[in-house]
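>>> return atomic coordinates for the entry below.
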Amino acid sequence: MQISMPRFYLSCLLAFTGGHMVNYTVILYLQEKVGSDLLSGIGFGLSFGSSIVFGWFAGVLCDRISPARVIHAAQALFLLSLAGLWWTDAGATEQTRIGWTLFSAFLGGLAWSFVGPARLSTLGQIAPRDKLKPATIIFNLQVLLGFGLAPLLIGLVRSQYGWQAVFATGMVLFFLSSALLLGIRTHGSGRPHLGVMQEIGEGFAAVRANPLLTQLILAAIMAYAMTGPMQILLPKLAREVLGLSELQRGGYLGLMALTLIAGGVSALLLGKHVHHGAAIFVGTMTASLLFASLSFWSHAAASSSALSGMGLLGGMVISFVIAGIQGQAPEAMRGRIMSIYSIISQVIPAASGVAAGALVRSTGVTSAILMAGLGLALISMLAALLMPQLRRIAA
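Residues are numbered from 1 along each chain as shown. The predicted structure is shown next:
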């Protein structure tokens, strides 16, 4: 039988919350247990950076076979990653702790390489064609909510029960997520298989042939460039500048959940009434400036207000971008097109996270936030001038 859309959305929410728990755990664990900002950036890079190698094949695989099968395999890799982190905390020595943590981060990165394009390809098959764009925005709400809920859940569980309970919670989320997908029917393209590189090339050719799709892909790069510095710098800002307790830090970072979901809901409600191109560019520039402003606030209330505005705009921008890409993707190459988007959503945060880790080490957390925010605002301003097709898109 075919599963209902609410079941699919709930499965996505559980999986993305668990996946981002893995990412945040790697960052926090390396910052606190090892005491290295540079290693935390490298760990975050491994958590997402693997897709630059494996994500291309993931897109091909999602076009060749049932993407639902790919989801289950990817979530098994997440379980192995959490098991590795559990072993690191329970049995690793000080000499092996770093290696085991980074290896677990790599397993999580391998899982991210496949789970993004697989879920987006599945959505393209189970959602009615005339409702695909709003369905994609609803899907993205689960992604954004999982991104925001993960640090809050880590803070709540860890403050009461410790790291091993955090790992166990992540495992339960993935088990439940896979159970909700039982009975789903998806299919491969049924086309004769060409070489992997040739099929990857077909995906790039489809992007090049559509200028709007090309510019949407570039807009995704801009939007996701902010998430790496956020995940690396905000926990440090909350601890060192705002002086928040562990539970308060979880609440501060979890505030992104409410504002990201509000931004996604705004995109869903206003999608037919706002100019998408203008919303993408203005939203990205304004969110970047709000991020830069976090370097000036030493009081939690003011910093939280700026963070809320940034989350609201970020949720709206990313929702419009992913819905646009999904709407422009040819059916026969949806897996490959969405793998490009998924690679961007993983590699760009990883690369910018590694850069943020190096930057904060040399300049300090407030200077790093200011430089990252202003740099991203400038890039988005230039992009608005150089992307005429996206600038003119209305909906």
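>>> so how far is residue 231 from the residue most central in space within the chain?
With distances taken as C-alpha atoms, centre = their mean, the chain has residue 345 as the residue nearest its mean C-alpha position (5.4 Å). Distance of residue 345 to residue 231, computed by C-beta to C-beta, to the nearest Å: 13 Å. C-beta here means a position set from N, CA and C on the backbone, and glycine is covered the same way.
>>> can you check residue 313 too?
In terms of C-beta to C-beta, residue 313 sits 17 Å off from residue 231.
>>> which of the two has more residues huddled nearby?
Shown here are residue 313 and residue 231; by other C-beta atoms under 10 Å, residue 231 has more neighbours (28 against 25).
>>> so where does the more buried one fall, helix or strand?
helix 227-236 (DSSP states H and E).
>>> how distant is whichever helix or strand comes after that helix from the center of its chain?
Sequence order places helix 246-270 as the next helix or strand after helix 227-236, per DSSP H and E. Distance of helix 246-270 from its chain centroid, counting by C-alpha atoms, centre = their mean, to the nearest Å, is 14 Å.
>>> quick one: buried residues of helix 246-270?
By neighbour count on 16 or more other C-beta atoms under 10 Å, the buried set for helix 246-270 is 246, 249-268.
>>> now the helix holding residue 231 against helix 246-270, angle please.
Computed by axes from the mean of the first three to the mean of the last three C-alpha atoms, to 10 degrees, the angle separating helix 227-236 from helix 246-270 equals 150 degrees.
>>> pLDDT (mean, whole number) over helix 227-236?
Averaging pLDDT along helix 227-236 yields 84.
>>> output that helix as PDB, restricted to C-alpha atoms.
Extracted C-alpha coordinates of helix 227-236, given in PDB (Å, rounded to 0.1, in the frame of the first residue of the first chain):
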ATOM      1  CA  THR A 227      24.500  27.500   8.000                       C
ATOM      2  CA  GLY A 228      28.100  26.300   8.600                       C
ATOM      3  CA  PRO A 229      29.100  29.500  10.500                       C
ATOM      4  CA  MET A 230      25.800  29.300  12.400                       C
ATOM      5  CA  GLN A 231      26.400  25.700  13.600                       C
ATOM      6  CA  ILE A 232      30.100  26.400  14.500                       C
ATOM      7  CA  LEU A 233      29.900  29.900  15.900                       C
ATOM      8  CA  LEU A 234      26.500  30.100  17.700                       C
ATOM      9  CA  PRO A 235      27.200  27.500  20.400                       C
ATOM     10  CA  LYS A 236      30.500  29.300  21.100                       C
END
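>>> what's the least confident helix or strand in the chain by mean pLDDT packed up against?
Ranking every helix and strand in the chain by mean pLDDT, DSSP states H and E puts helix 37-49 at the bottom, with a mean of 76. Under the contact definition 3 or more C-beta pairs under 8 Å, 6 or more residues apart in numbering; DSSP states H and E, helix 37-49 sits against helix 5-29, helix 97-126, helix 227-236, helix 334-363.
>>> which of these sits closest to residue 161?
Residue 161 lies closest to helix 5-29 among those, at 13.9 Å (C-beta to C-beta).
>>> wait, which of the helices and strands packed on helix 37-49 is closest to residue 196?
helix 334-363 (10.6 Å).
>>> these two touch, right, residue 303 and residue 243?
No. In this structure, residue 303 is not within contact of residue 243 by C-beta atoms under 8 Å, at 11.2 Å.
>>> out of these two, which sits in the busier spot?
Higher neighbour count among residue 303 and residue 243: residue 303, with 23 against 11, using other C-beta under 10 Å.
>>> can you pull out the helices in the stretch 51-200 of the chain?
For the stretch 51-200 of the chain, the helices defined by DSSP state H, counting those that start in this stretch occupy 51-64, 67-91, 97-126, 132-161, 163-180, 196-208.
>>> want to throw those helices into a markdown table with distance to residue 45, mean pLDDT and mean neighbour count?
Shown next, in a markdown table, are these (distance: least, C-beta to C-beta, whole Å; pLDDT from 0 to 100; neighbours: other C-beta atoms under 10 Å):
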| stretch | distance to residue 45 | mean pLDDT | mean neighbour count |
| --- | --- | --- | --- |
| helix 51-64 | 10 | 87 | 23 |
| helix 67-91 | 15 | 90 | 20 |
| helix 97-126 | 8 | 89 | 24 |
| helix 132-161 | 17 | 86 | 22 |
| helix 163-180 | 20 | 94 | 19 |
| helix 196-208 | 23 | 88 | 15 |
